[in-house]
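S.K.: sequence-free structure coming up:
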Ligand SMILES: Nc1ncnc2c1ncn2[C@@H]1O[C@H](COP(=O)(O)OP(=O)(O)OP(=O)(O)O)[C@@H](O)[C@H]1O
Ligand SMILES: [Zn+2]
């Protein structure tokens, strides 16, 4: 339907151009070629023998041609003997042919027809182009099972993401098993994280491990195409996939399709495409065994509609690799390369802070190319050094290693502060992971789970949470001095303020302020100088406490921070092990 409309518009445009062109043509022709003779002039021309031909018609005007080839037009006398007079004066009379005027009209019509035809042709051409685009999409052949060489063995690091994806292999292979128990098999998974961290690789590995076909498209393919085509592409993609049965559909750059709709920058076309995708996904039967994996660098900009249950309801973070993962990735990508014996990949892993998997792969590849160019026997450290700068050339901060050194140290102390205070004041809390590798959520990372089986939070719990939140800043101040504290604590301060505020305004946990809910008394936006003063006083006390805890355990803080600098990521066991050692006095 929409395609026809499109074609119609193209034809119309061409016709209008044709019309304008022919009008212009006739205007010119009129002026230059056609003499408008009065009847008297015509007669005198005849008498002088200047008229060659006259086209006789039953119109008010007749045309003719002079001896010199000039066309003319004059009034038709429509007298009985007109033809005779002409013939007597040696004028050729053409009766059967239409007059020039008519010829003009005919040629005019010809023009239009020609242009019309051209229009249709062009629109056919453009629809050919659309159909080419279309077929580009419908031609997405499933990469055959046998051709997906990627398995989990091709992915180093990313252990958590890998585990979540591994779960899906069984869903793909035996969906019936899960439907038997009434379980909803996941349909969509979003992999999010910085570029080049192996999201595509993970999706491929899923297909490779489950031995099913793999279809890949990119969200940006759907942008700037003809109206309605995006949705059509989605439908044909899924149709194809269904025909194959079990498979993995990979949609890279899903954000190009599924950005949050803000109502202002709404784009009908992407909306339509997104809706088609959502419709297709809710149309799966539970045991169809199709899993859609989408990738994005930004989870926060995605439309909520995408993240609802039954759609992309699993979200897996794929982060930058830590030093161990970098080592693994480097090993993986130098397996088939002749490295000189003195190259230490472990050291190289330490030097490639913030490198993504793709950058590490590129580093090894560039080195190999340099070595090959020189016909060197081995890839030498000099090749790697050169390649290093090629890989980071596009980065904004060229001297990144210098900048990152102090950044890393501050981050390490900050994160170690959080972890240590947690361990010391709330050992029942679970510290799942501490890292100094930036994530999409911000610099560094620290995750802590409060035991989920608590129904209420005690005043002590809340105070502990505040201290844990303040511990990052406290560690920075303790180690680097008050002047060198950073903006890295902004989220922590926000969190601490929320807790203090709710304790005092809402939960009646402050003696001075009393057991009143101030939200009820003067709304959530209420401003009360006394409350703010009290919040500040409580916060100051807690901050001093936190600094004291860290100061008293400074050696532990330094040991943890140094371990973080070395390993970049520590899990709970690592932290426990370290603390045990220190407590037992073996590491002081
Ligand atoms: N964890 C990893 N292990 C091994 N190789 C990796 C890893 N991460 C990335 N690579 C290498 O980088 C290349 C690019 O990775 P991939 O295309 O999967 O990244 P991506 O996260 O999908 O990136 P983008 O967000 O830019 O699409 C891979 O083909 C692989 O060579
Ligand atoms: Zn922090």
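M.R.: Right, received. Where do you want to start? For clarity, every value in this text was computed on a predicted model and none was experimentally measured. Ligands and ions are numbered 1, 2, ... in the order given.
S.K.: from residue 81, how far out is the residue of the chain most remote from its centre?
M.R.: Distance from the centre of the chain peaks at residue 88, with 85.3 Å (Cα atoms, centre = their mean). Separation of residue 88 from residue 81 (Cβ to Cβ, to the nearest Å): 9 Å. (C-beta placed from N, C-alpha, C; glycine too.)
S.K.: and residue 417, by the same measure?
M.R.: For residue 417 relative to residue 81 (Cβ to Cβ), the value is 119 Å.
S.K.: more neighbours: the two, which one.
M.R.: Neighbour count, other Cβ atoms under 10 Å: between residue 417 and residue 81, residue 417 has more, with 31 against 10.
S.K.: which SS class is that one?
M.R.: helix (DSSP: H, G, I helix; E, B strand; the rest coil).
S.K.: was I right to think it contacts residue 469?
M.R.: No - assessed by Cβ atoms under 8 Å, residue 417 is found out of contact with residue 469, at 10.4 Å.
S.K.: which helix or strand contains residue 215?
M.R.: When elements are assigned from DSSP states H and E, residue 215 belongs to strand 214-218.
S.K.: buried sites along that strand?
M.R.: Within strand 214-218, the residues scored as buried using 16 or more other Cβ atoms under 10 Å are 214-217.
S.K.: pipe the residues you listed into JSON lines and attach pLDDT per row.
M.R.: Listed next are the buried residues of strand 214-218 as JSON lines, based on pLDDT from 0 to 100:
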{"residue": "214", "pLDDT": "90"}
{"residue": "215", "pLDDT": "90"}
{"residue": "216", "pLDDT": "89"}
{"residue": "217", "pLDDT": "87"}
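S.K.: which ones, among the residues you listed, also lie beside ligand 1?
M.R.: Among these, no residue lies close to ligand 1 (Cβ under 6 Å from any ligand atom).
S.K.: which one of those sits closest to ligand 1?
M.R.: Set against ligand 1, the nearest of these by Cβ to the nearest ligand atom is residue 216 (10.3 Å).
S.K.: ok, for that closest one, nearest residue in space, not its chain neighbours?
M.R.: Spatially, and ignoring its direct neighbours in sequence, residue 216 is nearest to residue 250 (4.4 Å; Cβ to Cβ, 6 or more residues apart in numbering).
S.K.: part of a strand, is the one you found?
M.R.: Yes - looking at residue 250 with three-state DSSP, it is inside a strand.
S.K.: how close does it get to ligand 1?
M.R.: 9 Å (Cβ to the nearest ligand atom, to the nearest Å).
S.K.: in this structure that residue contacts residue 202, no?
M.R.: No - counting by Cβ under 8 Å, residue 250 does not reach residue 202; the two are 9.5 Å apart.
S.K.: any residues in contact with both of the two?
M.R.: Contact criterion Cβ atoms under 8 Å, 6 or more residues apart in numbering; residues shared by residue 250 and residue 202: residue 293.
S.K.: does ligand 2 sit close to the one helix or strand residue 460 maps to?
M.R.: Residue 460 belongs to helix 459-480 when assigned by DSSP H and E. Yes - contact of helix 459-480 with ligand 2 (Cβ under 5 Å from the ion) involves residue 472.
S.K.: residues of that helix that come out buried?
M.R.: 461-480.
S.K.: average pLDDT for that helix?
M.R.: Throughout helix 459-480, pLDDT has a mean value of 94.
S.K.: quick one: the strands in the stretch 451-588 of the chain?
M.R.: Along the stretch 451-588 of the chain, counting by DSSP state E, counting those that start in this stretch, strands occupy 569-571.
S.K.: low-confidence ranges in it?
M.R.: Scanning the stretch 451-588 of the chain with the threshold set as pLDDT under 70 gives 451-454, 523-527, 585-588.
S.K.: in it, what residue is nearest ligand 1?
M.R.: Closest approach between the stretch 451-588 of the chain and ligand 1, counting by Cβ to the nearest ligand atom: residue 569, at 14.2 Å.
S.K.: tell me how many other residues surround the closest residue to residue 70 other than its chain neighbours.
M.R.: Once flanking residues are discounted, residue 70 sits nearest to residue 35: 5.7 Å by Cβ to Cβ, 6+ apart. Residue 35 has 14 neighbouring residues, counting by other Cβ under 10 Å.
S.K.: tell me the residues of this structure that contact ligand 2?
M.R.: 472, 492.
S.K.: domain map for the chain?
M.R.: Per the record, the chain has its domains at 2-105, 145-317, 326-395, 402-583, by automatic domain parsing.
S.K.: and these, which one averages the lowest pLDDT?
M.R.: Among the domains of the chain, domain 2-105 scores lowest, at a mean of 71.
S.K.: now do the strand or helix carrying residue 179: distance to the chain's middle.
M.R.: For residue 179, the element it lies in under DSSP H and E is helix 175-180. Centroid separation between helix 175-180 and its chain, computed with Cα atoms, centre = their mean, to the nearest Å, is 33 Å.
S.K.: in the protein, which residue sits closest to ligand 1?
M.R.: Per Cβ to the nearest ligand atom, residue 357 is where the chain lies closest to ligand 1, at 2.0 Å.
S.K.: isn't that residue up against residue 330?
M.R.: No - the pair residue 357 and residue 330 does not pass the contact test of Cβ under 8 Å, sitting 9.9 Å apart.
S.K.: doesn't residue 256 make contact with residue 301?
M.R.: No - using Cβ under 8 Å as the test, residue 301 is too far from residue 256 to be in contact (10.5 Å).
S.K.: more neighbours, these two?
M.R.: residue 256 (18 against 11).
S.K.: that one and ligand 2: what is the separation?
M.R.: The gap separating residue 256 from ligand 2 is 33 Å, by Cβ to the ion, to the nearest Å.
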